[in-house]
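**Q** Starting from these lines, generate the structure:
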Amino acid sequence: MKAEYFKEETLIRQIQMQSLKIGFIVFSLLTMITDVNVQADGVCRNRKDLKQSQRSIPDVLISFGRGENPQYAIVVEKNTQKLFLYTYDGISYRQLYCMSCSTGEVPGAKMCSGDKKTPEGVYFFTKKFKKRDLTPIYGTRAFPIDYPNLMDRLAGKGGNSIWLHGTNKLLKARDSNGCVVLENTDIEELEKYITLNRTPIIIVDKLTFTLDASARNNAKEAINNFLLDWNEAFQKGTCQDYLSFYDPAYGDQILWWPDWQDLKNELETSEIFFTISPRRISIFKHGSIHVVFFDEILKFSDKTLFIGSKKLFLRFENNYFRIVGEKYQIVSKNQKNLKKTNPRIEAYRKLIKMIEGNRKIGRMIGAWDCLLVRYREDCYMLEEIKGGKQGGKIFYYQ
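**A** Next comes the predicted model:
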């Protein structure tokens, strides 16, 4: 589709987003001053107490993705040495648990290996180890996280092997080499709420809170609309349209666009129409960066293909969001050559092969049907030639 049509198609959406952007600016200002707002209780509430007010929801949580199962997020506040578990039902947030934890001996965000600091940011769990896999120092459970993530590497941060784990020792505040440590009973209870490569752990020095739920919803809607326009630019726009959603420094990363343009031309010629849509969108915030996590689904007719679970790192500047980084958390097991191309392109190619294969099978079945009809006609004629007539009628024997 032509770039001019794409721009006209999105003009109305851009106008509608202006009010959302104004609301989001207010949200950002509120976030900046929330340090003087309500702070965490300092003492954990009883774990059975589920009557949490909106005042206890930290600003790092914007929106959870809705799916068949409940979604959870783990939040660690280094200042109070507390770990919180939150859930979201699509309407409201709830704090399920508050646990004492231990973080790095040295204050501050992790910068390099051996500095005994705990990293700060939005991370995801990548593996799970049980007691039989661990030495006593890690207790009965351990969950490695994906530190350093893309934003850490861009900032020049290093180190590795940051885990959420238990301990066989007495839990003491600020007593780890950089990991987040819980008592064994607590991490065993927390285990059932952790889904690898989906459940986030958000680590901050000090939590801030907002009382403005509408501002949170405005941020969610603005980012959801950004995703729709970004996705539309990929499917229907030009390379320039697509790059307009990225920070200028990111432009040299779109090296796969010529392959995608060739594939789009092929799709238009073959009259094969697909759509890509983000599903189960979750939005988290750390500092000036919003982390948007979602599943990418490729759909054709009644067929769907999972591309992968993706993270976008967004920064809000000059009244606009811009992508400053992106990475797939996981991709479909059938994807190959990901270092040479984009997972979406690979998914398109795979679905095209599936469709072409189905078409070949359809043509083969059609050919066999024609042969079968011809065979029956030949049998009928053969019986007629043999004189298989009785009572003036011709009988067809199969």
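**Q** shaky segments in the stretch 251-398 of the chain?
**A** Residue ranges of the stretch 251-398 of the chain with pLDDT under 70: 251-252, 271, 333-341, 355-398.
**Q** Settle this for me: Val292 is touching Ile281, isn't it.
**A** Yes - using C-beta atoms under 8 Å, Val292 makes contact with Ile281 at a distance of 6.6 Å. Every C-beta, even on glycine, is put in place using the N, C-alpha and C of the backbone.
**Q** Which neighbours do these two have in common?
**A** Residues within reach of Val292 and of Ile281 at once, by C-beta atoms under 8 Å, 6 or more residues apart in numbering, are Leu227.
**Q** Neighbour count: the two, which is higher?
**A** Ranked by neighbour count (other C-beta atoms under 10 Å), Val292 and Ile281 place Val292 first, with 25 against 17.
**Q** What ranges does this structure have for its helices?
**A** Here the chain has its helices, by DSSP state H, at 3-33, 150-154, 184-190, 213-236, 239-243, 257-270, 343-385.
**Q** quick one: average confidence on the second one?
**A** It stands for helix 150-154. The average of the pLDDT scores along helix 150-154 is 95.
**Q** Now do the buried residues in it.
**A** For helix 150-154, the buried set under the neighbour-count rule, 16 or more other C-beta atoms under 10 Å, comprises 151-152.
**Q** Please name every helix or strand in contact with it.
**A** Judged by 3 or more C-beta pairs under 8 Å, 6 or more residues apart in numbering; DSSP states H and E, helix 150-154 is in contact with strand 303-317, strand 320-331.
**Q** Just tell me which of those ends up closest to Asn160.
**A** Minimum separation from Asn160 across these (C-beta to C-beta) falls at strand 320-331, 16.5 Å.
**Q** Return the distance of that closest one from the chain's centre.
**A** A distance of 9 Å separates the centroid of the chain from that of strand 320-331, by C-alpha atoms, centre = their mean, to the nearest Å.
**Q** counting contacts, what elements does it pack onto?
**A** With contacts taken as 3+ C-beta pairs under 8 Å, 6+ apart, strand 320-331 sits against helix 150-154, helix 213-236, strand 289-300, strand 303-317.
**Q** now those in TSV, with distance to Trp163?
**A** As requested, the helices and strands packed on strand 320-331 are exported to TSV (distance: least, C-beta to C-beta, whole Å):
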stretch	distance to Trp163
helix 150-154	16
helix 213-236	30
strand 289-300	20
strand 303-317	20
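**Q** ok, the residue nearest the centre of the chain - contacts?
**A** In the chain, the C-alpha nearest the mean C-alpha coordinate belongs to Phe294, at 2.5 Å (C-alpha atoms, centre = their mean). Going by C-beta under 8 Å, 6+ apart, Phe294 touches 65, 227, 278-282, 309-310.
**Q** One more: Gln71?
**A** By C-beta under 8 Å, 6+ apart, the contact set of Gln71 is 64-65, 87-88, 198-199, 280, 282.
**Q** Over to Tyr246?
**A** Taking C-beta under 8 Å, 6+ apart, we find Tyr246 in contact with 254, 322-324.
**Q** can we see that at 7 Å?
**A** The contact partners of Tyr246, taken as C-beta atoms under 7 Å, 6 or more residues apart in numbering, are 322-323.
**Q** show me where the stretch 51-200 of the chain has strands.
**A** 61-63, 71-77, 82-88, 93-100, 121-124, 129-130, 141-144, 163-165, 180-181, 200-204 (DSSP state E, counting those that start in this stretch).
**Q** neighbours around Ser301, how many?
**A** Each residue near Ser301 was counted by other C-beta under 10 Å, and the total is 9.
**Q** what separates it from Leu267, distance-wise?
**A** Ser301 sits 14 Å away from Leu267, going by C-beta to C-beta, to the nearest Å.
**Q** closest one to Cys179 among the helices and strands packed on helix 150-154?
**A** The nearest among these, by C-beta to C-beta, is strand 320-331 at 20.7 Å.
**Q** Just want the angle from the closest one to strand 289-300.
**A** With axes from the mean of the first three to the mean of the last three C-alpha atoms, to 10 degrees defining the directions, strand 320-331 sits at 60 degrees from strand 289-300.
**Q** Can you list the neighbours in contact with strand 320-331?
**A** Under C-beta under 7 Å, 6+ apart, the answer for strand 320-331 is 124, 150-151, 154, 197, 223, 226, 245-247, 250, 307-315, 338, 343.
**Q** Check stretch 103-113 too.
**A** 78, 81, 115-120, 157-160, 174-178, 180.
**Q** Just give me how far stretch 301-316 sits from the chain centre.
**A** 6 Å.
**Q** Show me which positions of it end up buried.
**A** Residues of stretch 301-316 classed as buried: 305-314, 316 (neighbour count, 16+ other C-beta under 10 Å).
**Q** With distance to Pro58 as extra columns, can I get those residues in CSV?
**A** Listed next are the buried residues of stretch 301-316 as CSV, based on distance: C-beta to C-beta, whole Å:
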residue, distance to Pro58
Leu305, 36
Phe306, 31
Ile307, 31
Gly308, 28
Ser309, 23
Lys310, 24
Lys311, 20
Leu312, 21
Phe313, 19
Leu314, 19
Phe316, 18
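**Q** any idea which of those is the one closest to Phe209?
**A** Looking across the buried residues of stretch 301-316 and measuring by C-beta to C-beta, the closest to Phe209 is Phe316, at 19.6 Å.
**Q** beta partners of the closest one?
**A** Beta bridges link Phe316 to Phe321 when assigned by DSSP bridges.
**Q** got any ranges where the stretch 101-250 of the chain has weak pLDDT?
**A** For the stretch 101-250 of the chain, the ranges with pLDDT under 70 are 211.
**Q** Can you get me a residue count around Lys220?
**A** Lys220: 18 surrounding residues under other C-beta under 10 Å.
**Q** typo on my end, Trp257
**A** When neighbours are counted by other C-beta under 10 Å, Trp257 registers 15.
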